[in-house]
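# fold the following, please.
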Amino acid sequence: TGEGVGSDHRAHMSHRRLALLSAYWFARATYFSALLIIVFPALVESSIPARFKYSALGLLSMFSSAVTIIIAPVCGHYSDAWRTRNRYGRRLPFVMFTTALHVVTLTLIGVAATLLLR
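Below is the predicted model of the structure:
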(Lines give C-alpha, C1' and ligand atoms only; values in the text may rest on other atoms or scores of the structure.)
Protein backbone atom coordinates (compact mmCIF):
# COMPACT_ATOMS: atom_id res chain seq x y z
CA THR A 1 0.00 0.00 0.00
CA GLY A 2 1.28 3.43 -0.84
CA GLU A 3 3.94 2.06 -3.21
CA GLY A 4 2.06 2.46 -6.48
CA VAL A 5 2.36 5.08 -9.16
CA GLY A 6 2.62 8.56 -7.74
CA SER A 7 3.62 7.52 -4.24
CA ASP A 8 6.52 9.27 -2.56
CA HIS A 9 8.11 6.22 -0.97
CA ARG A 10 11.83 6.94 -0.64
CA ALA A 11 14.51 5.18 1.31
CA HIS A 12 16.27 7.65 3.57
CA MET A 13 20.00 7.48 3.97
CA SER A 14 21.74 8.43 7.20
CA HIS A 15 24.21 11.30 7.12
CA ARG A 16 27.04 8.88 7.91
CA ARG A 17 26.13 6.58 5.04
CA LEU A 18 25.74 9.52 2.66
CA ALA A 19 29.18 10.83 3.70
CA LEU A 20 30.73 7.40 3.12
CA LEU A 21 29.09 7.12 -0.29
CA SER A 22 30.30 10.60 -1.22
CA ALA A 23 33.82 9.74 -0.03
CA TYR A 24 33.79 6.59 -2.17
CA TRP A 25 32.74 8.48 -5.30
CA PHE A 26 35.27 11.24 -4.63
CA ALA A 27 38.03 8.65 -4.30
CA ARG A 28 36.85 6.90 -7.45
CA ALA A 29 36.82 10.14 -9.46
CA THR A 30 40.28 11.03 -8.14
CA TYR A 31 41.56 7.56 -9.06
CA PHE A 32 40.36 7.82 -12.66
CA SER A 33 41.53 11.41 -13.00
CA ALA A 34 44.99 10.42 -11.79
CA LEU A 35 45.08 7.53 -14.25
CA LEU A 36 44.10 9.68 -17.20
CA ILE A 37 46.13 12.77 -16.34
CA ILE A 38 49.28 11.37 -14.66
CA VAL A 39 49.74 7.60 -14.91
CA PHE A 40 48.79 6.89 -18.54
CA PRO A 41 50.89 9.75 -19.98
CA ALA A 42 53.87 8.73 -17.82
CA LEU A 43 53.62 5.12 -18.97
CA VAL A 44 53.33 6.13 -22.60
CA GLU A 45 56.21 8.61 -22.30
CA SER A 46 58.52 5.99 -20.80
CA SER A 47 57.66 3.05 -23.01
CA ILE A 48 56.47 4.20 -26.45
CA PRO A 49 58.61 5.83 -29.14
CA ALA A 50 58.01 9.59 -29.40
CA ARG A 51 56.35 9.43 -32.82
CA PHE A 52 53.64 7.05 -31.52
CA LYS A 53 53.05 8.48 -28.04
CA TYR A 54 49.95 10.56 -28.87
CA SER A 55 48.32 7.70 -30.75
CA ALA A 56 49.18 5.29 -27.93
CA LEU A 57 47.78 7.66 -25.31
CA GLY A 58 44.58 8.06 -27.35
CA LEU A 59 44.20 4.30 -27.75
CA LEU A 60 44.86 3.70 -24.07
CA SER A 61 42.27 6.31 -23.07
CA MET A 62 39.78 4.90 -25.58
CA PHE A 63 40.31 1.36 -24.30
CA SER A 64 39.83 2.38 -20.66
CA SER A 65 36.66 4.30 -21.56
CA ALA A 66 35.32 1.36 -23.57
CA VAL A 67 35.92 -1.00 -20.64
CA THR A 68 34.13 1.41 -18.31
CA ILE A 69 31.20 1.76 -20.70
CA ILE A 70 30.82 -2.02 -20.76
CA ILE A 71 31.59 -2.91 -17.13
CA ALA A 72 29.46 -0.24 -15.40
CA PRO A 73 26.09 -1.26 -16.91
CA VAL A 74 26.86 -4.96 -16.58
CA CYS A 75 27.71 -4.60 -12.88
CA GLY A 76 24.66 -2.35 -12.41
CA HIS A 77 22.40 -4.93 -14.02
CA TYR A 78 23.73 -7.78 -11.93
CA SER A 79 23.62 -5.81 -8.69
CA ASP A 80 19.98 -4.89 -9.43
CA ALA A 81 19.06 -8.46 -10.35
CA TRP A 82 20.99 -10.14 -7.53
CA ARG A 83 18.64 -11.27 -4.81
CA THR A 84 20.55 -11.90 -1.64
CA ARG A 85 19.96 -11.78 2.04
CA ASN A 86 23.52 -11.12 3.14
CA ARG A 87 24.26 -8.33 5.59
CA TYR A 88 26.03 -6.20 2.97
CA GLY A 89 23.01 -5.77 0.71
CA ARG A 90 23.00 -5.95 -3.06
CA ARG A 91 25.42 -3.16 -4.01
CA LEU A 92 28.25 -3.32 -1.48
CA PRO A 93 29.67 -6.68 -2.70
CA PHE A 94 29.99 -5.18 -6.19
CA VAL A 95 31.65 -2.05 -4.81
CA MET A 96 34.08 -4.21 -2.82
CA PHE A 97 34.79 -6.39 -5.87
CA THR A 98 35.48 -3.44 -8.17
CA THR A 99 37.65 -1.80 -5.51
CA ALA A 100 39.72 -4.99 -5.28
CA LEU A 101 39.90 -5.06 -9.08
CA HIS A 102 41.21 -1.48 -9.07
CA VAL A 103 43.90 -2.41 -6.54
CA VAL A 104 45.01 -5.33 -8.71
CA THR A 105 44.98 -3.10 -11.81
CA LEU A 106 47.09 -0.43 -10.13
CA THR A 107 49.53 -3.08 -8.96
CA LEU A 108 49.83 -4.46 -12.49
CA ILE A 109 50.35 -0.95 -13.87
CA GLY A 110 53.14 -0.40 -11.34
CA VAL A 111 54.77 -3.72 -12.18
CA ALA A 112 54.49 -3.02 -15.91
CA ALA A 113 56.02 0.43 -15.46
CA THR A 114 58.91 -1.04 -13.47
CA LEU A 115 59.55 -3.71 -16.10
CA LEU A 116 59.33 -1.20 -18.96
CA LEU A 117 61.80 1.18 -17.34
CA ARG A 118 64.53 -1.48 -17.01
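# remind me, longest helix of the protein?
The helix that spans the most residues within the chain, counting by DSSP state H, is helix 53-81.
# list the buried ones in that helix?
For helix 53-81, a neighbour-count test (16 or more other CB atoms under 10 Å) marks Ala56, Leu57, Leu60, Ser79 as buried. C-betas here are computed from N, CA, C, even on glycine.
# need the contact list for the first one.
This means Ala56. Ala56 makes contacts with Val44, Ile48, as judged by CB atoms under 8 Å, 6 or more residues apart in numbering.
# do the same with the third one
For Leu60, the set of contacting residues under the criterion of CB under 8 Å, 6+ apart consists of Phe40, Leu43, Val44.
# what sits against the first one?
It stands for Phe40. Shown in contact with Phe40 (CB under 8 Å, 6+ apart): Leu57, Leu60, Ser61, Ser64.
# hang on, the earlier thing: and the contacts of Leu60, which is closest to His12?
Of all the contacts of Leu60, Phe40 has the smallest distance to His12: 39.9 Å, by CB to CB.
# now that closest one, what's its secondary structure?
Of the three states, Phe40 takes helix under DSSP: H, G, I helix; E, B strand; the rest coil.
# neighbouring contacts of the lowest-mean-pLDDT helix or strand in the chain?
Each helix and strand of the chain was given a mean pLDDT (mean pLDDT, DSSP states H and E); the minimum falls on helix 92-116 at a mean of 81. Helix 92-116 has contacts (CB under 8 Å, 6+ apart) with 24, 31, 39, 42-43, 46-47, 71, 75, 78-79, 84, 86, 88.
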